[in-house]
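Enquirer: Quick one, fold the following:
(chains A and B)
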Amino acid sequence: MKQFKLIQKTFLLPLLAATFLISCTPDEPEEILEQELITTVELTFRSSSEVDQIVRWSTTSANSESITLKANSEYQVEIAFYDESDPADIEDITEEVIEEADEHQVFYEFSGVTIPFVQGGSDTLDEDQNPVFIHTVWSTGEIGNGVVSVYLIHEPTTKASITRDGFGGETDVAVDIPLVVIE
Amino acid sequence: MTDLHDGTPIFGALLKIEGTDLFVQTNENGTYSFGNLCPGEMVLFLAHPKCNPISKKYNLISNTDLNFELEHHINELEEIVISDNQLKGLNGSTKESRLNTDQIIRYSSQSLSDALTSLAGVSSIKTGNAIAKPMIHGMYGSRVGIVANGIRLQDQEWGADHSPNIDLNAFQNVQLIKGAYTLKYGGDIPGGIIVLSPPKLILKDSLFGQTVMNASLNGRGGSLTSKLMKSTSNGYYVNGQFTAKRFGDLSAPDYLLSNTGVKEFNVSFKLGRNKISKGWELNYSRFQNEIGILRAAHIGNIQDLVRALEADKPLRIKPFTHQINAPKQQGAHQNIHVIYFNQFSKDLKWHLDYNYQINFRKEFDIRRGISDDIPAIDLKLQTHSVLGNMVWRKDFDWTLEWGVNALLQDNFSNPNTGVKRLIPDHVKTQFGSYWVGSYKPSNSFHWDWGFRLDQVNWEVQKYYTVADWENRGYDQVFSQFEVEQRGTQILVNPQFDFLNFAAQTGISFELGKQFETSLSFVLSQRSPNASELFSDGLHHSLATIEFGSLTLEKEVSNKLLLSFSKTSGKLKGVIEPYFSKINNYIFIGPKRLQQTIRGAFPVWQYEATDALLWGVDTTFEYDFSNQLNANVNAAFIYAQDLNNVLPLIHIPPFNTTQSFKYRSPKKRYEVEIVNHFVSRQNRFPDLNFNYSRLQENVLIQREVDISSPPNAYQAVDLFFLIHIGDVKESKTSLRFMLNNLTNTRYRDYLNRMRYYADEVGRNFQVQLVYTY
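Expert: From the prediction side, this is the model:
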């Protein structure tokens, strides 16, 4: 019957379409090399009487390094940020932080010990002359054990504060490194 | 004598034998009889006020039953007149709720989800004011289907922050059916279906248009939507429609919500021919929007979240602007649809649809080292679907439908984002067949049933970090999917097959003249969606890392829905209790903390449990007089995660809306006051976690409270409507609307932005509707 042939056509169409479409695999996707990643924080401590101390915190390592400082001393501290996700192509993120000084802030908070710090002589300043704290001078006090929380803040709501919370903004880096102040 | 389309009897039709003065009229059952006629040729003339008259020649030999079908039109212009009654008669064994035209126009500059919340049992799960998804009986996203022009919307429905890419203004009718009433559209939507349909066709030469202009004080914006519809008596029709919206930052009662502007532009076009017994249609629509996300909601880590939770206002507030910056979303959706139907015999009609949808979704974050102009999520979803069905009607009592649906869906996740794909590239194919039927011997009894079977197949290409792949044990269970290890990443090719079965049956019947009752049972099976299976990334506004799970199986839901209603008299109402048990209910919950360079993050993972959801929706209206009426609706849900013995997350608390409406005697103007009350949700899972922070040089543990719902709240809206010109024709009307009249400060449990800011404050809107 003509009508039956019409019905057959209606249903064969989607059936055929379906069987034809069923085995479709997507093309192999391109690997994404993440660009915004910060994997490593590196702190360099310089003092007049000692050898340079470099302490690293990295997402790829066990992170057992700790900072050892002498009591009642002054240290020039420089911070660096790296993207080491591809060991063959290590990116220096510190440069970006310096270029976007208006949108970044480095900050340190201490627990267990009290170590005041101020901007260093070669620190980067933003367009309003606020220090970014890439280069700071730490003044240690009495002996003790503690932890330093190292922060990189993105788009802080204010550029002057004495606590991490005071700066607001979004945290790009927040790592805790053990610290000991010795004789 | 019955209606050609749906078989309902036509009452009050006139049959006259030409050349005589013999005539009769049909009664309520559509029957008539002529007695004492002489045999021989005669011409019968049939007429009804709402139908085109027809003449039929007949040769009378002996006693005969002659049945006629008339094309029963509803004069579309008359339907625009405001109708208060949200309750419609028996149209299926499950009660349906409907938005009337007035409600659709009121929400012209807002979203579909906002409009639906005026119905009992429907809530809106939101991420800020502009991103809203409808939630029915506590279920949303993949558990709720949106059907427009007979085809299911295929956009990235899996996200709680993905609002449906559809323009409410393009549709005349919005119906909501709780529970999968018709398996035609899918057997995997236990929450329900929202059906959006265009105006019914008029088979005569006509030109109809409507323009709605809206201006809002809050957000200093507005919208403009306009449609034009032309139809001809020989069945051709052409429709065109567009909508444009633009809003700047919205205001909460005490402060500005910076970066909450919205831009939207939609256009749709339809061309077709409907010759009643056959017809075709071609329609095209395009939806495009850009939505700003509260700037203060973008955070870096838990400490930032805690700072936001402890502040009583957003941490970033800038001066008002219309500009939309990161964080923001951009969406675009295009839809091409071709329909053909043919009623090749009195009993049999078949229907064929082809549909192509393409959806673009871009999500922009605040980025460091890369421009904010490069999206962090960039997805392209293409879907081809073919739907064919055959409907067989017998004697207007029995209807049987058999349909077949084939779907091919491809998702491409652009690697130019520079950040790990949240959803991988995949191809999903689905092939389904359904059988539905109904038996409706009279207006007072209805029985329907249905079955559906769908075969779903996933083909995925995804990168996992080797660490994740091994830590989660996938290298043991899914080693057959491994393709190649590349440094710290491994490429895998997951392939999954699901067979979903669904069944539904229900009965409804009248109890006397005033009461009706119905009972329906739905079994639905839903296979997991792309997010539940493959999610992999950091969610910036929630400070959580989300992971999908490859071991998820399909959800099986058994739902029983009852309704008792009084449909006439001064007092009308409906009570709808429901009960559902879902096995393998898929949800996301916290698992552990993960240390990253930004500190510790809670890791949430998709998993399955057995869930129980039951509740009651109720709506009542009382007509004090022709001019004054009152309406109350309320909804309550109880939802429990049975395995973990905890309440389910994000379930709407008890809520009720009451309204009073007064119409002037000549119906020239109307005033309506609406009161919303939402109680505090006291049943919620405690998903808080601890985090250590520095306080006066000492590290202490603090609890981060992301679980506690906000307090109960109440908000009042006031509406004025004035008809300009002839009230009956209702060509022009002016509305003044005050939302949140008292500028109440409140937060809603279902709004993800409740951690950061209050809901929107008072808004004053002016709306002009012009019909021609």
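Enquirer: can you pull out the helices in the chain?
Expert: Just so you know, I chose chain A. For chain A, the helices defined by DSSP state H occupy A:2-22, A:93-99, A:164-167.
Enquirer: Chain B is the one I meant
Expert: B:76-79, B:101-106, B:112-116, B:302-310, B:466-471, B:474-477, B:530-534.
Enquirer: Would you check that residue B:763 makes contact with residue B:736?
Expert: No: counting by CB atoms under 8 Å, residue B:763 stays clear of residue B:736, with 11.5 Å between them. In short, each C-beta sits where N, CA and C put it, glycine included.
Enquirer: Between these two, tell me which one has more neighbours.
Expert: Neighbour count, other CB atoms under 10 Å in any protein chain shown: between residue B:763 and residue B:736, residue B:763 has more, with 18 against 14.
Enquirer: who's in contact with the closest residue to the more buried one other than its chain neighbours?
Expert: Leaving aside its chain neighbours, residue B:763 sits nearest to residue B:218 (3.8 Å; criterion: CB to CB, 6 or more residues apart in numbering or on different chains). Contacts for residue B:218 were tallied using CB atoms under 8 Å, 6 or more residues apart in numbering or on different chains; they are B:250, B:251, B:739, B:760, B:761, B:762, B:763, B:764.
Enquirer: Let's see the pLDDT reported for the first one.
Expert: The reference is to residue B:250. Note on residue B:250: pLDDT of 97.
Enquirer: can you check the last one too?
Expert: Per-residue confidence for residue B:764 comes out at a pLDDT of 97.
Enquirer: Find the nearest non-adjacent residue to it, please.
Expert: Using CB to CB, 6+ apart and skipping residues adjacent in sequence, the residue nearest residue B:764 is residue B:217, 4.4 Å away.
Enquirer: burial of the one you found, as a residue count?
Expert: Using other CB under 10 Å, residue B:217 has 14 neighbouring residues.
Enquirer: right, and it touches residue B:760 too?
Expert: No: contact status for residue B:217 versus residue B:760: not in contact, 11.4 Å apart, counting by CB under 8 Å.
Enquirer: Could you point out the longest strand of chain A?
Expert: The single longest strand within chain A, with elements called by DSSP state E, is strand A:170-182.
Enquirer: That one and chain B, any residue contact?
Expert: Yes: judged by CB under 8 Å from any CB of the partner chain, strand A:170-182 and chain B are in contact via A:170, A:171, A:172, A:173, A:174, A:175.
Enquirer: need the residues of the stretch 451-600 of chain B near chain A, please.
Expert: By the rule CB under 8 Å from any CB, the part of the stretch 451-600 of chain B lying against chain A is B:457, B:459-463, B:486-489, B:491, B:493, B:596-599.
Enquirer: Now do the residue nearest to residue B:763, the pLDDT please.
Expert: 97.
Enquirer: gap between it and chain A?
Expert: Distance of residue B:218 to chain A, given as CB to the nearest CB, to the nearest Å: 25 Å.
Enquirer: Please apply the same query to residue B:632.
Expert: 45 Å.
Enquirer: How many residues are close by that residue?
Expert: By other CB under 10 Å, 17 other residues sit near residue B:632.
Enquirer: That one against residue B:617, yeah?
Expert: No: judged on CB under 8 Å, residue B:632 makes no contact with residue B:617 at a distance of 11.9 Å.
Enquirer: Setting aside sequence neighbours, what's the nearest residue to residue B:619?
Expert: Excluding its sequence neighbours, the residue lying closest to residue B:619 (CB to CB, 6+ apart) is residue B:633, at 4.2 Å.
Enquirer: wait, what's in contact with the closest residue to chain A within the stretch 1-150 of chain B?
Expert: Residue nearest to chain A within the stretch 1-150 of chain B (CB to the nearest CB): residue B:150, separated by 15.0 Å. Counting by CB under 8 Å, 6+ apart, residue B:150 touches B:197, B:339, B:353, B:387.
Enquirer: so where do the strands sit in chain A?
Expert: Ranges of strands within chain A are A:40-46, A:53-58, A:67-70, A:74-83, A:91-92, A:104-111, A:117-119, A:135-139, A:144-154, A:170-182, based on DSSP E.
Enquirer: Same list, those strands, but as CSV with mean neighbour count and mean pLDDT please.
Expert: As requested, those are arranged in CSV below (neighbours: other CB atoms under 10 Å in any protein chain shown; pLDDT from 0 to 100):
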stretch, mean neighbour count, mean pLDDT
strand A:40-46, 19, 94
strand A:53-58, 16, 93
strand A:67-70, 17, 94
strand A:74-83, 19, 94
strand A:91-92, 15, 90
strand A:104-111, 22, 94
strand A:117-119, 14, 94
strand A:135-139, 18, 96
strand A:144-154, 21, 93
strand A:170-182, 20, 92
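Enquirer: between the ones you listed, which one is nearest to residue B:257?
Expert: Smallest distance to residue B:257 across those (CB to CB): 18.2 Å, for strand A:170-182.
Enquirer: What helices and strands are in contact with the closest one?
Expert: Packing partners of strand A:170-182 (3 or more CB pairs under 8 Å, 6 or more residues apart in numbering or on different chains; DSSP states H and E): strand A:40-46, strand A:53-58, strand A:67-70, strand A:144-154, helix B:302-310, strand B:599-623.
Enquirer: who wins for proximity to residue B:684 among the ones you listed?
Expert: strand B:599-623 (14.5 Å).
Enquirer: Check which residues of that closest one are buried.
Expert: Neighbour counts over strand B:599-623 (16 or more other CB atoms under 10 Å in any protein chain shown) mark B:599-602, B:604-609, B:611, B:613-621 as buried.
Enquirer: and if you look at stretch B:489-509?
Expert: B:489-494, B:496, B:498, B:500, B:502-509.
Enquirer: now, which of the residues you listed lie within strands?
Expert: Per DSSP E, the subset of those in strands is B:489-492, B:496, B:498, B:500, B:502-509.
Enquirer: Dig out what whichever residue of the stretch 401-550 of chain B sits closest to chain A forms beta bridges with.
Expert: When scored by CB to the nearest CB, the stretch 401-550 of chain B has residue B:406 as its residue closest to chain A, at 3.6 Å. Beta bridges link residue B:406 to residue B:386, residue B:431, judged by DSSP bridges.
Enquirer: On the pLDDT front, check it for me.
Expert: Predicted confidence (pLDDT) for residue B:406: 95.
Enquirer: tell me, how many neighbours does it end up with?
Expert: That count, for residue B:406 with other CB under 10 Å as the rule, works out to 25.
Enquirer: And for residue B:595, the neighbour number?
Expert: When neighbours are counted by other CB under 10 Å, residue B:595 comes out with 12.
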